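> Mind folding the following:
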Amino acid sequence: MTTDERQWLSWICENSDPKELEKKYNTWAETYETDVKKDWSFMPVQIAKVIESILSNKQAVILDAGAGTGLVGEALFQRGYTHLIAADLSDKMLEIAGQKQVYKALQRGNLDDPQLFTSGDQFDVIIAAGVFAYAHAGVSVLNNLFRFLKSGGLFVLTIREDYQPQMQSAFEALPWRLVIQEQYKIYDGQQIMSILGFRKN
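Below is the predicted model of the structure:
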């Protein structure tokens, strides 16, 4: 699949206005899984494997931040993790995620909203798959989500090699430590995607 055949990739990264992104994801929701299948379908499984390798507690409270249609939640549920919460900007994406019947709750909202959840230190694990990317989430989202992570909790995220330099200073500034890192080639080998797992101090 060439870049030209991935028109969704440039289209979804054209601007970073939350309202525009919400509209685009609502429009894209019905065909999202079909469109990203070739490039992304393996990633939720890999994320679930990474989490299982460092988290034995299947009752852990897990936030799937930027859950989309629930692919990561589905992969985790298949491995026995049952206390999953989905958060996303798009109603339509969350509606599809809800149909998978793997989440305890669905929360619509902007991930950099400090009022997204009612209090801090709620989650044993926070996952942000495909969230930290051009025209999507940056340092403000990272710092906001970090507030909702319990001490000793895990923060697992994906990030493309070409975007990581924009986030690296923020990664190094937070009181956590890198506990796992895996890299995968995506987009026909044109890009490197990392799964990073951090444990909060």
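
> Please enumerate the helices of this protein.
Taking DSSP state H to define them, one finds helices in the chain at 7-12, 18-28, 32-40, 42-54, 71-77, 91-99, 139-146, 164-173.

> Check the spacing between the residue nearest to Tyr32 when sequence neighbours are not counted and Ala60 real quick.
Using C-beta to C-beta, 6 or more residues apart in numbering and skipping the chain neighbours, the partner closest in space to Tyr32 is Thr69 (5.6 Å). (C-beta placed from N, C-alpha, C; glycine too.) Thr69 sits 22 Å away from Ala60, going by C-beta to C-beta, to the nearest Å.

> More neighbours: which of those two?
Neighbours per residue, other C-beta atoms under 10 Å: of Thr69 and Ala60, the larger number sits with Thr69, 26 against 19.

> Report the separation between Asn29 and Lys104.
Asn isn't right for residue 29; it's Ala. 21 Å.

> So if I had to pick from these two, which one is more boxed in?
Ala29 (20 against 11).

> Name the residues of stretch 119-138 that come out as buried.
Within stretch 119-138, the residues scored as buried using 16 or more other C-beta atoms under 10 Å are 122-134, 136-138.

> tell me how far the ends of that stretch are from each other?
Using C-alpha to C-alpha, to the nearest Å, the gap from the first to the last residue of stretch 119-138 comes to 22 Å.

> tell me the mean pLDDT for that stretch?
Mean per-residue pLDDT for stretch 119-138: 86.

> cool, and stretch 34-49?
Here the average pLDDT along stretch 34-49 is 88.

> Could you identify which of the helices of the chain is most buried?
helix 71-77 (a mean of 24; mean count of other C-beta atoms under 10 Å).

> from the chain's centre, how far out does it sit?
Centre-to-centre, helix 71-77 and its host chain are 11 Å apart (C-alpha atoms, centre = their mean, to the nearest Å).

> what sits up against it?
For helix 71-77, contacts defined as C-beta atoms under 8 Å, 6 or more residues apart in numbering pick out 33, 40-41, 44-45, 47-48, 51, 62, 64, 67, 84, 86, 97, 100, 102-103, 127, 129.

> any idea how far Leu21 is from Leu178?
Distance from Leu178 to Leu21, by C-beta to C-beta: 29 Å.

> cool, Tyr103 as well?
Tyr103 is 21 Å from Leu21, by C-beta to C-beta.

> And for Ala97?
From Ala97 to Leu21 the distance is 17 Å (C-beta to C-beta).

> Next, work out how far apart the nearest residue to Ala87 once chain neighbours are set aside and Asp88 are.
Nearest residue to Ala87, sequence neighbours excluded (C-beta to C-beta, 6+ apart): Gln107, at 4.3 Å. Gln107 sits 8 Å away from Asp88, going by C-beta to C-beta.
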